[in-house]
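Provided below for reference: sequence and predicted model.
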Amino acid sequence: MEEQHNDQAERAVLCSLILEPDRLAEVSDVIGVEEFYSSVHQNIFKAIKSLYSKGTKVDLVTVSEELTSMGKIKEVTASYLAHVAMEEVSASHIMEHANIIKEKKLRREVSNLTASVTEQLEKGQEDVEAVMKATVSGFSKLLRRKVKQDGHIKGILSEVLLDWERVAKEGWGIPAGIPGIDKLIKGYRRGHYWVVVAYTSMGKTSFATMLVEKLISSAPKTCIVFFSAEMTYKEIVSKVIAQSCGEDMYTLAENYESEQVITTFERLAETNLFAFDDCITTEDMSLRLNMLRMRGYHPEVVFVDYIQNLKGQGDNYTKLTNITGDLQRIAIDHDLTVVALSQTPDDSAKGEGLVIKTKGSGDIAATAGFVMRLKRDKELELQAPENNPHTAIVDVLKNRYGQLGSFDLYFDTNTGLFSTDNRIRKPKLDSQKVAAIQEQQNIY
């Protein structure tokens, strides 16, 4: 069986750092203290990091003194420290040795995880489904884990510079394909948590599927995940198809063999869009994202429809507060954008101004970094049904990353679709019949 640690590589890295301590920042991007198998080597590495952070010269004498002040010199011994410092290595190979250490640590953790799973199954003390979830979560964390910075500005500056280099080449984020959004927040960005608020039946789901379709059009290779706690996964995909075709789903279903429908099916089949209706807790969502990552996909934008329908512990206020905090952590931990839909309470149906109200818990908007409020004048739509499409307004009420503002969209009552232009679409079915069906099924 292959050894799950490499003492020679560990000694080589420590010796190289004593020779060239300025390589510490580079090494720390790959390995940390825990990556060293030997506790003796862990203590030497800690001593080197401590000296470097204080700006003290790193050599055999100072490392020995630092270990003494740490109370670890007896464990390490001066003779062993001298042995490490005199290793015949070239500091130019330090990153190769660091990667060997990282690989060995990963092998140990995989071995420990599989051994733990086997032990739990043999003892029969845990529910099989719970063991499976814990296993998937554990392996996924290993896949996406990276060594955390120690908080010193030197390491943070390096990360910021890398981010800015990527921005210069690729832009700030994945283009939303909607000018108003791209202008105010520069697209979907890693670690961002957005909330879309609207009164019931304003079209939150239709708005979200428009965001999906625009995202697919502007960045077709983006991995998008849509979690629905309100509709089936087939209904969500049907709405995306309708949005792509610019027609209501009833007309499309009746003409499913048309060239337009076939072409749209072929185009969407080539995308990385996933839709789920069985993830009704944030734990379920995180697990599903982990499973997708293990299958080789890298989710970048996640939609959640909608917060108030998710399940959680405690009274309604506590539940929703915890859920929105969990969604923010999903955005950060999974390095993606979460776009969650939320209802507003009845007394804010016609609310104006900058006050943000969300049904059940004010923490929903307080936690988000970007909040959009969707508004339609439904009375005007009823008074002038022939004036399609009608103007809808999106107010950006909170933006930690840029300015506030608003922009117009358009809503077609004949199709139940939003668009960024005001082109009139002629309904293929009787408008009153379509409106009656939509009202009955509350699809927008």
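Everything's here; your move. Predicted, not measured: the structure shown is a model, and the values here were computed from it.

Am I right that L273 is in a strand?
Yes - according to DSSP: H, G, I helix; E, B strand; the rest coil, L273 belongs to a strand.

so what's it up against?
212, 216, 224-226, 237, 240 (Cβ atoms under 8 Å, 6 or more residues apart in numbering). C-beta coordinates here come from the backbone N, C-alpha and C atoms, glycine included.

how does it look with 7 Å?
Taking Cβ atoms under 7 Å, 6 or more residues apart in numbering as the criterion, L273 is in contact with 212, 216, 224.

what lines up beside the longest strand anywhere in the chain in the sheet?
In the chain, taking DSSP state E as the definition, the longest strand is strand 390-399. Partners of strand 390-399 in the sheet, by DSSP bridges, are strand 370-376 (antiparallel), strand 405-412 (antiparallel).

Could you dump the ones you listed into CSV with mean pLDDT, mean neighbour count and distance to D7 added?
Conversion of the strands paired with strand 390-399 to CSV gives the following (pLDDT from 0 to 100; neighbours: other Cβ atoms under 10 Å; distance: least, Cβ to Cβ, whole Å):
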stretch, mean pLDDT, mean neighbour count, distance to D7
strand 370-376, 93, 23, 50
strand 405-412, 92, 18, 60
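
would you turn those strands into TSV with distance to A134?
Listed next are the strands paired with strand 390-399 as TSV, based on distance: least, Cβ to Cβ, whole Å:
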stretch	distance to A134
strand 370-376	33
strand 405-412	43
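
hmm, back to that, from the contacts of L273, pick the one nearest L24.
I224 (39.5 Å; Cβ to Cβ).

Low-confidence ranges, the stretch 151-300 of the chain, go.
Within the stretch 151-300 of the chain, the segments meeting pLDDT under 70 span 151-152, 154-155, 158, 170.

what ranges do the helices span in it?
Residue ranges of the helices in the stretch 151-300 of the chain, as given by DSSP state H, counting those that start in this stretch, are 153-170, 179-185, 204-218, 233-245, 249-254, 259-269, 282-294.

And those helices: which comes nearest A331?
Using Cβ to Cβ, the nearest of the helices of the stretch 151-300 of the chain to A331 is helix 282-294, at 10.7 Å.

So what's the gap between that closest one and the chain middle?
Relative to its chain's centre, helix 282-294 lies at 11 Å (Cα atoms, centre = their mean, to the nearest Å).

Moving C-terminal from it, which element do we reach first?
Sequence-wise, the next helix or strand downstream of helix 282-294 (DSSP states H and E) is strand 301-305.

Centre of the chain to that next one, how far?
10 Å.

how distant is stretch 255-263 from the center of its chain?
34 Å.

again with stretch 186-205
Per Cα atoms, centre = their mean, the centroid offset for stretch 186-205 relative to its chain is 14 Å.

Now do the end-to-end distance for it.
23 Å (Cα to Cα, to the nearest Å).

Could you list the buried residues of it?
186-189, 192-199, 202-205 (16 or more other Cβ atoms under 10 Å).

Which of those sits closest to G124?
Distances from G124 to those, taken by Cβ to Cβ, are shortest for Y193, at 40.0 Å.

which residues does the closest one contact?
Applying Cβ under 7 Å, 6+ apart, we find Y193 in contact with 327-328, 331, 338, 367-369.

Same list, those residues, but as JSON lines with neighbour count please.
Output for these, formatted as JSON lines (neighbours: other Cβ atoms under 10 Å):
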{"residue": "L327", "neighbour count": "25"}
{"residue": "Q328", "neighbour count": "19"}
{"residue": "A331", "neighbour count": "23"}
{"residue": "V338", "neighbour count": "29"}
{"residue": "T367", "neighbour count": "20"}
{"residue": "A368", "neighbour count": "29"}
{"residue": "G369", "neighbour count": "18"}
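
Take those residues and keep only those in strands.
V338.

between the contacts of Y193, which is nearest Q383?
A368 (34.1 Å).

quick one: the closest one and V195 touch, right?
Yes - here A368 reaches V195: they are 4.0 Å apart, a contact under Cβ atoms under 7 Å.

Run the chain-centre distance for the helix or strand hosting V110.
Using DSSP H and E, V110 falls within helix 94-123. Remark: helix 94-123 is offset 26 Å from the chain centroid, using Cα atoms, centre = their mean.

Is it correct that M70 is in contact with A47?
Yes - judged on Cβ under 7 Å, M70 makes contact with A47 at a distance of 6.4 Å.

neighbour-wise, which of these two wins?
Counted by other Cβ atoms under 10 Å, M70 and A47 do not tie: A47 has more neighbours, with 25 against 14.

How confident was the prediction at the more buried one?
pLDDT, A47: 92.

Identify the residue nearest the geometric centre of the chain.
The centroid of the chain falls nearest to L336 when counting by Cα atoms, centre = their mean (2.6 Å).

Report the contact partners of that one.
190, 299-302.

How is the protein divided into domains?
The record's domain parsing of the chain by automatic domain parsing lists 7-144, 171-441.

among these, which is the most enclosed?
For the domains of the chain, the largest average neighbour count (mean count of other Cβ atoms under 10 Å) is found in domain 171-441, namely a mean of 18.

Report the contact partners of C223.
By Cβ under 7 Å, 6+ apart, the residues touching C223 are 272, 297-300.

Quick check: beta-bridge partners of it?
Here C223, judged by DSSP bridges, has bridge partners N272.

ditto for H390
F411.

Correct me if wrong: it contacts F411.
Yes - using Cβ under 7 Å, H390 is in contact with F411, at 5.4 Å.

Which neighbours do the two have in common?
Counting by Cβ under 7 Å, 6+ apart, the shared contacts of H390 and F411 are R376.

I'd like the distance between G55 and V84.
23 Å (Cβ to Cβ, to the nearest Å).

What is the neighbour count of I153?
9.

Contact partners for it?
Not one residue lies near I153 by Cβ under 7 Å, 6+ apart.

where's it relative to A25, distance?
Taken as Cβ to Cβ, the span from I153 to A25 is 11 Å.

Same question for E34.
18 Å.

what's the answer for M132, then?
For M132, the distance to A25 - Cβ to Cβ - is 40 Å.

Check R166 too.
From R166 over to A25 (counting by Cβ to Cβ), the distance is 19 Å.

these two touch, right, N322 and G312?
Yes - N322 lies in contact with G312 (Cβ under 7 Å); the separation is 5.6 Å.

Between the two, which contacts overlap?
Common neighbours of N322 and G312 (Cβ under 7 Å, 6+ apart) do not exist.
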